[in-house]
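> Just to be clear, the model below is a prediction. Sequence and coordinates:
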Amino acid sequence: MTRPFHEVIKELTGYEIIPVNNSMIGKAQLCATLQRVAKKAAKEMIKKPIVRPRPNEVGNDIEIYVKNVLKIDSKIEDLNVGPNTGYPDIKAKIRKTAEIVFLECKTFGTGKEMSSMRTFYLSPGPAVRLKVDCDALHIAISYEMSRQGNEFTPLTYKLVDLYDLPCNLKQEWQSSNKELYAGKRILMSGRTAR
């Protein structure tokens, strides 16, 4: 089953995603504001590269750079949506119009832009808190990352309107460590030699 992201958010939260074309300050001004944020964050990442052993962990660090830029930007303000887990990463306000923008920070490796591997996901449930609490724009700030050893720096950036992003529902059976390691299931355990 495939549905556009705006329908998924509406069903899960009751709130609307505003398409970028309907922005109160207009698409060009909104994009210029977010472009400035993306470029400033990229400059900081180039000065102080992200160090991670695995490329799929790099995206976790992008949010910090973007938030640091928002702290000093005069046109857009970080509204701090709480814990780092859950969608979206950042809630911000355009100061000129008081318009709310939910930002999701993403990365992709060089040559991986057209990969069919899952890169955007939303897993609502009792353990995951959606931080969408109003009608707003939903935009991804994505960086193409270059790797030198364990250091990652951005090569390019993209601003992506998530309004009509096609989303596929993939249901899965899952279990927790608490259930997996329940006493009656353990066949044997012991210490490893050191």
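Thanks, I have it.
> Pick out the residue nearest the middle of the protein.
Centroid-nearest residue in the chain, with Cα atoms, centre = their mean: E104, separated by 3.0 Å.
> Please give me every residue in contact with it.
Going by Cβ atoms under 8 Å, 6 or more residues apart in numbering, E104 touches Y87, P88, D89, I90, F120, H138, I139, A140, I141, L162. Every C-beta, even on glycine, is put in place using the N, C-alpha and C of the backbone.
> Let's see that with 10 Å instead.
59, 62-63, 87-90, 120, 122, 138-142, 160, 162 (Cβ atoms under 10 Å, 6 or more residues apart in numbering).
> which one of those sits closest to I72?
Closest approach between those and I72, by Cβ to Cβ: I90, at 14.7 Å.
> Could you find the closest non-adjacent residue to the closest one?
L103 (4.0 Å; Cβ to Cβ, 6 or more residues apart in numbering).
> What separation do you get for the one you found and G190?
47 Å (Cβ to Cβ, to the nearest Å).
> still on that earlier bit, just the buried ones from the contacts of E104, in ChimeraX syntax?
What follows is the ChimeraX syntax selecting those of the contacts of E104 that are buried according to 16 or more other Cβ atoms under 10 Å:
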select :59,62,63,87,88,89,90,122,138,139,140,141,142,162
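> circling back: surely the residue nearest to I90 is within a strand?
Yes. According to DSSP: H, G, I helix; E, B strand; the rest coil, L103 belongs to a strand.
> what is the residue nearest to the centre of the chain paired to in the beta sheet?
On the basis of DSSP bridges, E104 is bridged to A140.
> What are the neighbouring residues in contact with M1?
Residues in contact with M1 (Cβ under 10 Å, 6+ apart) are C167, N168, L169, K170, Q171.
> let's go with 8 Å and repeat that
Contact partners of M1, counting by Cβ under 8 Å, 6+ apart, are N168, L169.
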